[in-house]
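**Student:** I'll drop the sequence and a predicted model, then ask my questions.
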Amino acid sequence: MKIVVQREDFDPGAEIAALARETAVGAVASFVGLVRDENEGARVGAMTLEHYPGMTEKAIRAIVGEAMRRWQVRGCTVIHRVGELKPGDRIVLVAVASAHRGDAFAACEFIMDYLKTRAPFWKKEQTAQGERWVEARASDDAAAARWQEPARKAV
Amino acid sequence: MKIVVQREDFDPGAEIAALARETAVGAVASFVGLVRDENEGARVGAMTLEHYPGMTEKAIRAIVGEAMRRWQVRGCTVIHRVGELKPGDRIVLVAVASAHRGDAFAACEFIMDYLKTRAPFWKKEQTAQGERWVEARASDDAAAARWQEPARKAV
Amino acid sequence: MTDTIRVLYFASVREKVGCDAEEIELPAGVTTIAALRAHLRARGGPWAEALGESRALRAAVNQEMVPPTAAVRPGDEVAFFPPVTGG
Amino acid sequence: MTDTIRVLYFASVREKVGCDAEEIELPAGVTTIAALRAHLRARGGPWAEALGESRALRAAVNQEMVPPTAAVRPGDEVAFFPPVTGG
């Protein structure tokens, strides 16, 4: 499991190749999130990503651990950038290696959905109308809620 | 939409970067399928991928077209190799670019599931026990069936 | 206009019949994939085996996957093959 | 043993209170996140606004996200922040 929070860019191809090195891996599902030049109707010129050092890595490790409990995962890489970013810049990479594609896809999407709602990152956008903190989306909560396991009955 | 069937290897990082070039793209979901060194309990030394030239490209184009009808897709790349492959070799890449991650993930997994059951490729494995054609899996049919839309009522 | 069709075989079907493509005359009365398969099977030997009724085969007409009830017409390109295993 | 806790503020909360971290004495009777938030809000001014009851804020104790009912003990690291927006 490789979890990194950094200011620098990353290389998705190199990360995917590193996960594919083990010959029992038949599937690598991955996701790259990028800064869009438009959000909620305003042009975005730049963005600053703030985080909670220490807690961030812990939170991501817990999310990945939960994914490994639920699915057959042979390797996982999460890289999240912080600091100043411009439209087109990569923000986040989640890559999951597994023997089979179903596990790889599910674990990758699960990690992204949980990261969106549980990892302490905050985005501030610079637009023509000034700076603004990005607001959390109800759709992200809904996406994460899909993965909730049925509650166990109290005994 | 880029669809290629080729003997040569491909570069997932370069393909993902090409899809990410448009700044309205906020998400690129991708999948890389690889030759495993073990299948159905036997060690696999090599594999040959046969296909139906002409129909293959058509079938993949139809699958990608269906994905674009169902989800917001801003770009899509499918590369599938044929010929001789060894354990660890890449077989297939599906990469989907979208404004949002939900569309990118769904379209990418849909294309993989349909490709597995509708694109005319056949795998033959070389194992210590000799050559054998890989048999289609019921689990792949089940994975593709998940995406079936409810039938319209006859009028 | 021609009365022939082109028939292609892939993967294990191709290996069993020992042939990857042939031109054949479409016999009168053979108008569907199922009928064509029965016609070819009637050649006996490797044909009877490769296209045996118990085999779960797929077919395509003019490069589109079709059910056994699909029509076959002169000039068509028809293919028989096992369920696909790419990806 | 110390009676102080470390309180951290992030994003819009940090900007509003004009402070990213402080050490405070944990007052007697303040034993939960909700009570600590009310205690800080009682400072008035930017505190009342940044930690206002109508704001959907999140909290963490020792770097784990917790509900408002969670316990706060001397020595803890507590953080207040808006809902996260990474990824």
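**Tutor:** It's in.

**Student:** dump the residue contacts of residue 7.
**Tutor:** Since no chain was named, I'll use chain A. Contacts for A:Arg7 (C-beta atoms under 8 Å, 6 or more residues apart in numbering or on different chains) come out as A:81-83. C-beta coordinates here come from the backbone N, C-alpha and C atoms, glycine included.

**Student:** looking at chain C here, not the other one
**Tutor:** C:21-24, C:36, C:40, C:78-80.

**Student:** Wait, a strand at it?
**Tutor:** Yes: with DSSP: H, G, I helix; E, B strand; the rest coil as the criterion, C:Val7 is located in a strand.

**Student:** Within the helices and strands, which one has the closest residue to chain B within chain C?
**Tutor:** Chain C approaches chain B most closely through C:Gly86 (2.5 Å), counting by C-beta to the nearest C-beta. Using DSSP states H and E, C:Gly86 maps to neither a helix nor a strand.

**Student:** Could you verify my assumption that it touches B:Leu115?
**Tutor:** Yes: between C:Gly86 and B:Leu115 a contact is recorded at 6.5 Å, counting by C-beta atoms under 8 Å.

**Student:** what sits in contact with each of the two?
**Tutor:** In contact with both C:Gly86 and B:Leu115: B:80, B:92, using C-beta under 8 Å, 6+ apart.

**Student:** still on that earlier bit, I'd like to know how many residues surround the residue of chain C closest to chain B.
**Tutor:** 26 (other C-beta atoms under 10 Å in any protein chain shown).

**Student:** Grab the nearest non-local neighbour of it.
**Tutor:** B:Phe121 (2.5 Å; C-beta to C-beta, 6 or more residues apart in numbering or on different chains).

**Student:** Check A:Gly75 too.
**Tutor:** A:Ala97 (4.0 Å).

**Student:** Report the contact partners of A:Arg70.
**Tutor:** A:Arg70 neighbours (C-beta under 8 Å, 6+ apart): A:106-107, A:110.

**Student:** what does the model give it for pLDDT?
**Tutor:** Here the pLDDT value assigned to A:Arg70 is 98.

**Student:** can you check A:Ala154 too?
**Tutor:** 53.

**Student:** Can you tell me which residues in chain C are near chain B?
**Tutor:** Residues of chain C that fall close to chain B, judged by C-beta under 8 Å from any C-beta of the partner chain: C:8, C:10-12, C:60, C:63-65, C:79, C:81-87.

**Student:** Please repeat the previous calculation with a cut-off of 7 Å.
**Tutor:** C:10-12, C:60, C:63, C:65, C:79, C:81-87 (C-beta under 7 Å from any C-beta of the partner chain).

**Student:** Could you single out the nearest of those to B:Arg101?
**Tutor:** C:Gly87 (22.4 Å; C-beta to C-beta).

**Student:** Quick check: closest non-adjacent residue to that closest one.
**Tutor:** The shortest distance from C:Gly87 to any non-neighbouring residue, by C-beta to C-beta, 6+ apart, is to B:Lys116 (4.2 Å).

**Student:** Report the contact partners of the one you found.
**Tutor:** B:140, B:144, C:86-87 (C-beta atoms under 7 Å, 6 or more residues apart in numbering or on different chains).

**Student:** now, the most widely separated pair of these?
**Tutor:** Going by C-beta to C-beta, the pair spanning the contacts of B:Lys116 furthest: B:Ala144 and C:Gly86, at 12.8 Å.

**Student:** Now do the phi/psi pair for A:Glu50.
**Tutor:** Main-chain dihedrals, A:Glu50, degrees, to the nearest 10: phi -100, psi 150.

**Student:** Cool, thanks, talk later.
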